[in-house]
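> fold the following.
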Amino acid sequence: MRTQNPGRMNMRTCLRAIAALVVAVMSLAWFTACGTSDGLDDQAKSIDLSHVTKNDKIAAMLPDSVAADGVLSIGSETTFPPAEFLTEDNTTAIGYEIDLMKAVGIVLGLDIEVHSASFDSIIPAVGSKYDLGVSGFTITSEREKSVNFVSIFSAGMVYVVQAGNPKGIDPTKENGLCGRKVAVQIGTAEEDEVNELNDACVAAGLDKIGIQPYQGQTSVATAVVSGKADVMDVDSTVGDYAVKQTGDKLETVGGMHGIAPQGIVVAKDDMQTAKALQAAFQQIMDDGTYLTILKAWGVESGAIEKSEINPQVE
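Down below sits the predicted model:
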């Protein structure tokens, strides 16, 4: 759902320090504390995967086209904390999805190699440029027409505004976003949702939603913090993390909505890899590794008990 947001090196370092979500539009004082990743690097390093071992039976399920080079090549939009984002070196990917893939890689006997890419470019490149797509992908029936999914998580959507909700945003009210400026990331389920809400506004003869589409989630958050947008529509884990990491300069409104499964993207013609991934994920779920990782990142509320291939969704 995201793309890297280029900028000055000191700004990018600070972005990673506050979870890659907000630039220096709030205050200069906010950034004087930057310079490290505020322990996020250490948090990722602290997750112990030494107990996870290769499962030869599961590893043998992979096709040679994936296993031969010993690497799982992953396309990921790495500005989406806490799922995946870069440390202050702007090179190393961390986050709960990255740690899950590290554990799965061990089960499969493969290293993982994360390639940063724009969100909307990942699905078309899975099976050619990348073995997998890992980027907080919501599983939808439309996406299942073109790729396979292995379910790993469940998340909803939330609306995030400036703290105190100065614009009086009420997304629970019918047509409550009509005439409002709403920031979303290009290619996401949230963009689809806001477009549908806008159609309803037009049909009701009300003001259109001022939809602000951005390539990166960092830019989406920045638009709200700076006041350019009134509200952003975003995955619940990302929204909650933004509120926490910006020192409560943001807040969620309206509660969670649109809860849906998320998963790993596999090429449509590669059911072997999908089955191997499903078995590997189920192993780390059953042995407790999965929940340990989610708890370490504070997102255990999205845990699922069973990994499925192409679960039935609306």
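> switch to C-alpha atoms for all contacts and neighbour counts from now on
Will do.
> how is this protein partitioned into domains?
For the chain, the structural domains run 43-155+260-302, 156-259, going by automatic domain parsing.
> tell me the buried residues in stretch 299-314?
Under the neighbour-count criterion of 16 or more other C-alpha atoms under 10 Å, stretch 299-314 has 299-300, 302-303, 307-311 buried.
> among those residues, which one lies nearest to residue 200?
Minimum distance to residue 200 across these is 29.2 Å, recorded for residue 311 (C-alpha to C-alpha).
> where does the closest one land in three-state SS?
Of the three states, residue 311 takes coil under DSSP: H, G, I helix; E, B strand; the rest coil.
> what ranges do the strands span in the stretch 51-200 of the chain?
The residue ranges that make up the strands of the stretch 51-200 of the chain, judged by DSSP state E, counting those that start in this stretch, are 71-76, 79-80, 84-86, 93-94, 111-116, 132-138, 147-162, 181-185.
> list the buried ones in the last one?
Along strand 181-185, the positions that meet the burial threshold by neighbour count (16+ other C-alpha under 10 Å) are 181-185.
> what's that strand packed up against?
Helices and strands touching strand 181-185, by 3 or more C-alpha pairs under 8 Å, 6 or more residues apart in numbering; DSSP states H and E, are helix 189-203, strand 210-214, helix 217-226, strand 231-235.
> now do it and strand 210-214, the angle between them.
For the pair strand 181-185 and strand 210-214, the angle between their directions (axes from the mean of the first three to the mean of the last three C-alpha atoms, to 10 degrees) equals 30 degrees.
> ok, which of the helices and strands packed on strand 181-185 comes nearest residue 168?
Each of the helices and strands packed on strand 181-185 has some distance to residue 168 by C-alpha to C-alpha; the shortest is strand 231-235, at 10.1 Å.
> the closest one to helix 189-203, inter-axis angle?
With the same axes, to 10 degrees applied, the angle from strand 231-235 to helix 189-203 works out at 140 degrees.
> now strand 231-235: average pLDDT?
The average pLDDT for strand 231-235 rounds to 96.
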